[in-house]
Each structure stands twice: as structure tokens, then as C-alpha cells.
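*Asks:* Here you go, sequence then predicted model.
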Amino acid sequence: MASNQGQGRRSAGLQRLALLAFAALFILLFVVFAVAQGIGNPSIPSGSVAVVEDVPDDIGNVTEADFKRQLAQAAAAGQIKTVPKPGDAKYDELKETALGEIFDGIWIQGEAEEMGISVTPKEITAELEKLKKQAFKTEKQYQEFLKEAHYTQADVEQRVKIQMISTQIQEQVTNEAPVPSSNEIKNYYEAAKASQYTKEEKRKARALTFKDKGEAEDAKAELEKDDSEASWKKIGAKSSNPSAKTSGGVINDTAKGTAPEPLHAALFEAPQGEVQGPLKTTTGYQVYEVETITLEKVQTLDEVKSQISTQLAEQLKQQTFARFVRGYGSKWQSRTFCASDYSIKRCANYKGDGRPAEANPACYEANPKTPAEACPAPIAQVKPAQPGSITPLTPEGQKLAQRPRPAGEEAAAGAAPEALGVPPTGAPEEAPAEATGE
């Protein structure tokens, strides 16, 4: 029992660790980039595992002690009691996690320095107290968390600082996003009017199915005399449709394309309040009546302009931040150098084997017993937008991997790029919606 309680406390502590780790924000500020080649490799000081250039307060020198402390924290987060030794596959995994956490902190602080962003010790203390109240009921629980996670008070304060400046970086970058223009709002409205701002015509009706045409004609004659709900339910009890026996064949607010044919077409051609039929179908003969008609309603541009503006503004913020992330990652990777035993993909001097991480080992090792079913391309494929797929609704377009030109297109090889639907060299990477004609 004591063991289970101890495990429960450790699990709870690790959950609280997740609250303070702020991994989601770090992920936003890191994506996988192509390995920089041909960059000068500065010397790594003795007793250090990595160096990050152009950062404030000499925080760019990552010592072995820094790494070991972060490695222990990574192991605790993964509920690994004993840190594995070098050469173990789990050690390599934890090494990459630990160095990634260290680089995140250094890179974010370096970027904040360049952007003029900072937080005071008083602000960090206030934020930490707020987080502690959210995550821990007592100070004792907080101290247990520090012990289980291998954190010092300084470690937690540092993580809070990183979280705070990460948020400020994102806010500052996204606040620089352009405001959607009137033309962009109008283009989006026209593209989305049919799918998002139009309420289709709907019809509430009743329909009964009979196996025999004569039965259907008799039912129609009765309903023409009395088409009340009670009459529909009375006659529905004689129909061949089980659900209609109790509901009287009611069909609630059917929209175009939702009812089976040929009943669907018949309902949208029938006048309101008149019993129709018999209609021959695959299941028999149907008698039907349209009870109410809700006409199509199209919202005007003025009615939805504010909504569209907010939506487009959010898209522009996301695009602006995505562009920032691409530049951020490549810039800081180019400034990060690792000792040979600590080199990972985020180091500028990392040299891999050129094999994609997701590739099956059988792609590179001849083994007739377990051949690889599919192997990725040896280089990362560029995925441009398919010509004609960029619209106000899909500003990024439909991404398709480049492929060999199909047979029969050789004659087009000498054609001008514009003739093939390809923008001329030097065209902007992301043209505004007005320029695309969308």
C-alpha cells in the first residue's frame, strides 16, 4: 500500500512537473530544420558539452554539470529511476531530450534579448506563486515535487522565466501581423458564401410507404379529405415503413441532398400543403406532403464582416508566427555547436548518416527475409501548393510532393514557367490574395 501511495505521489508530482515545463510553448518555438553544413566550428571549452554563440550573460556555455542535471530531470519526467549509461538506446533518447530543453532555454533567452524583451525577478516570483497555488495544495507538496523532479528552486524560477518571455515573444511577433484588408474580407466572403454563410432551404414533410399501389391511392384519398397529424398517424399504422407506424411518416427539416431519391426531388418540387403521390420507389409506393418550407437565407457581407475580419486576422497571426519560427530555428541552430559525444540534430555541426528518422532500417540493409515495403526519399521533398489550389479559404493551398514529370509532358519542358502554371523566378513566396486573383 505504501509503495502504491508513493508511486501516486510521484505521478502527481510529475503531472505538476508538466504544468511547469511548458513544453507546448517550447514546441511552438522549435521545428525540425535541415542540418546546416559548412559552418565554422568553434572550440568547445574543457568541461563543456556545447556552446551557443551570441547570447547574453555567458549563458551559452553548457557545462557537463548543466547537462547531467538536465539529464536527471529528463529521466524523472520519464519515470526512469536510474539514468542509463552512455551507449544505451534510452540514454541517447534522454540525451536528446535534455539537450533540447537546455537549448530551448538558451535560444529563447537569446531571442528575447535581441527583441528587447525581459522580465524582472519580482514578476517571476509573482508568476511562480500563482502557478504554485494552481498546482499544489500545500508547500509540502511543492517541496515533494522538487525532490521527485530533481529540481532546485532556481530551476523552477528559470522555467517560469522562460515561459514568461516565450509568451511575450509570441505576442510581440503576432502583434506585427498585418490587418486584413477590405478586399481580402470581401474575397473570403465570396468564396465562403455558399458553404458558410448560406442557410439552405429546408422542408418539413410526411411520407408513407405502401407495398401495393392501390393501398397508396386509397391512403392518398383519405389524406386529401383529412391531412391532420392524427390522420397521418392512423393511416401510417397501415404502411410498410415501421417507423412511420408511430410517427405518421414525419420527416423533420430535410435539406437538399439529405432525403433518398426519388423522394428528395419530389419533396423539393411539391407545393406546400398538398398531398402528393403515389410515387414509385425501390421499396414500394409513397404518399407524401410538404407541411412547411423554410426558404434559403444568405447572410450579407455586412452581417459577417466582423466575424471574417477576426478569422482572417487570426490566420495572418499564425502565418506571421510560422515565418518567425522558421527563421528563429535556423538562426539559433547555426549558432549552436556541440562536442562530438553530445551532438544532436539541433547542433550546427551535427553530421548524420543522411537517413530519414522514420525510415525502416531494412531500407538500408539487404535482408531478403524482411524487405522494406516502402522507403522514403533520400532527401526531404519540397511540397509546393498545387496550382489553382490557393484560395481565400485555403491560403496555403493543397500541398503535393514534387514528382517526376509524367510521360508525354517532355514537350513542355522548354516552355516558359508561366505557361506551366509556375510563378516566374523571383516571385514573392506568399503573394497576397489580391495578387492571385482568388
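*Replies:* Okay, I see it. Numbering: from 1, shown residues only.

*Asks:* Nearest residue to E96 in space, please, no chain neighbours.
*Replies:* Using Cβ to Cβ, 6 or more residues apart in numbering and skipping residues adjacent in sequence, the residue nearest E96 is I344, 5.0 Å away. To be clear about C-beta, it is placed using only N, CA and C from the backbone, and glycine gets the same treatment.

*Asks:* residues contacting the one you found?
*Replies:* Neighbour list for I344: 95-96, 99-100, 338, 350 [criterion: Cβ atoms under 8 Å, 6 or more residues apart in numbering].

*Asks:* if you set the cut-off to 7 Å instead, what comes out?
*Replies:* Applying Cβ atoms under 7 Å, 6 or more residues apart in numbering to I344 gives the contacts 96, 99, 338, 350.

*Asks:* Which helix or strand contains the first one?
*Replies:* Using DSSP states H and E, E96 sits within helix 89-115.

*Asks:* in that helix, what counts as buried?
*Replies:* Within helix 89-115, the residues scored as buried using 16 or more other Cβ atoms under 10 Å are 94-95, 97-113.

*Asks:* which residues does P262 contact?
*Replies:* 279, 281.

*Asks:* Would you list the phi and psi of it?
*Replies:* Dihedral pair for P262: phi -90, psi 0, per degrees, to the nearest 10.

*Asks:* could you measure it against R203, distance?
*Replies:* Applying Cβ to Cβ, to the nearest Å, the value for P262 to R203 is 15 Å.

*Asks:* Helix or strand next in line after the helix with the most length in the chain, which one?
*Replies:* The helix spanning the most residues in the chain, taking DSSP state H as the definition, is helix 301-333. Downstream of helix 301-333, the next assigned helix or strand under DSSP H and E is strand 336-338.

*Asks:* Show me the shaky parts of this protein.
*Replies:* Along the chain, segments meeting pLDDT under 70 span 1-41, 255-258, 354, 356-359, 361-362, 365-374, 376-438.

*Asks:* Let me see the ranges of the helices in it.
*Replies:* Counting by DSSP H, the helices of the chain are 2-21, 23-28, 64-77, 89-115, 121-135, 139-149, 153-175, 182-196, 213-225, 229-236, 244-247, 263-267, 301-333, 433-436.

*Asks:* closest one to I44 among those helices?
*Replies:* helix 64-77 (10.7 Å; Cβ to Cβ).

*Asks:* Go through that closest one and flag the buried ones.
*Replies:* 66-67, 69-77.

*Asks:* Show me which strand runs longest in the chain.
*Replies:* strand 284-294 (DSSP state E).

*Asks:* packing partners for it?
*Replies:* strand 202-210, helix 213-225, helix 263-267, strand 275-281 (3 or more Cβ pairs under 7 Å, 6 or more residues apart in numbering; DSSP states H and E).

*Asks:* So which of these is the most surrounded?
*Replies:* When the helices and strands packed on strand 284-294 are scored by mean count of other Cβ atoms under 10 Å, the highest mean neighbour count falls to strand 202-210 (a mean of 23).
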